[in-house]
Structure formats: structure tokens, C-alpha cells
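1. coordinates for the following, if possible.
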Amino acid sequence: MTIAAPVSGKCAAHPDVAAEWACQRCGTFVCTQCERRTRPEAPPLCPKCWDLRNKTVQDTVAKESRRLQIGGLVIGFLSFLHPLVMVGSLILNIRELRRGTGGDARWMNTAGLVLTGLAMLTWVIVIAVLASR
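-> Numbers count the residues shown, from 1 in each chain. Just a heads-up that it's a prediction; the model follows:
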């Protein structure tokens, strides 16, 4: 729900400019220059609430990315157990590397891919040895 500012309302950051909206979260009056939106039809936020939202979103993305990196490394180790696990490891690790949100911990996905490659090689050797008997 978008809340229009009263006719006499002034922007909190620009006292000489008439406010168009009230921040959806805190109620601060904002002008069109100060309003921040996630998409054009979304209710406006003031700059302070926007910064708080961005911090929360970034923290959530970082936590999710960390879990997927650790998962990629673990599934890379588990690739030695079954060929279908290799497929999951390849998908997860390549997806995370392409997303690029891992920062310094991207080595985990790289290591997961290396382990998956070693598991593939191991499976090929084992199958070749068993087939040659």
C-alpha cells in the first residue's frame, strides 16, 4: 500500500521540496528524488530504510551463498560414492561459480568441481578394470 504525503508535507532531506510519498516502513516524507523502490510499482522507501533493506538482503544472500559453497564441497567428496551424485555436484558447483556471489570462499566450489572430476576419473578406471576381467 502506497501512502501519499499530505499536501503540506515536506521532504525530510529537502525541506524546500514538497513530499510526494511517506516511506512505507517508517513514515518519513520523501520527494521523488529521495524515494527508492525495488520495482516501479512497489511502494517507496526513504533512503535510510533502503540502506537497511539492502544490508539485510546482502546478509541473506551471503549466508545462502556460504551454505551452497559448503554443500558443493561436501557433495564433491560424496561424488566418489555414486555417479548420480556427480551430476548434482556439477550442477551445484558450476551454478555457484557462475553466480559469483561467493567472494573469497569460491575456492570451495572449485574444489568441489576438482573432486567431482577426480571421482569421474576414478569411476571410469574402476569400470574399465571391471570390464576387462
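
2. list the contacts of Thr38.
-> If you count contacts by C-beta atoms under 8 Å, 6 or more residues apart in numbering, Thr38 has none. For every residue, glycine as well, the C-beta is placed using N, CA and C.

3. for stretch 96-110, list every residue counted as buried.
-> Glu96, Leu97, Gly102, Arg106, Met108, Asn109, Thr110 (16 or more other C-beta atoms under 10 Å).

4. and which of these is nearest to Gly72?
-> The shortest approach to Gly72 among the buried residues of stretch 96-110 belongs to Asn109, at 4.6 Å (C-beta to C-beta).

5. got the confidence number for the residue nearest to the spatial centre of the chain?
-> With distances taken as C-alpha atoms, centre = their mean, the residue of the chain nearest its centroid is Val61 (3.6 Å). Here, the pLDDT recorded for Val61 equals 70.

6. hmm, back to that, least confident of the buried residues of stretch 96-110?
-> Within those, lowest confidence goes to Gly102 (62).
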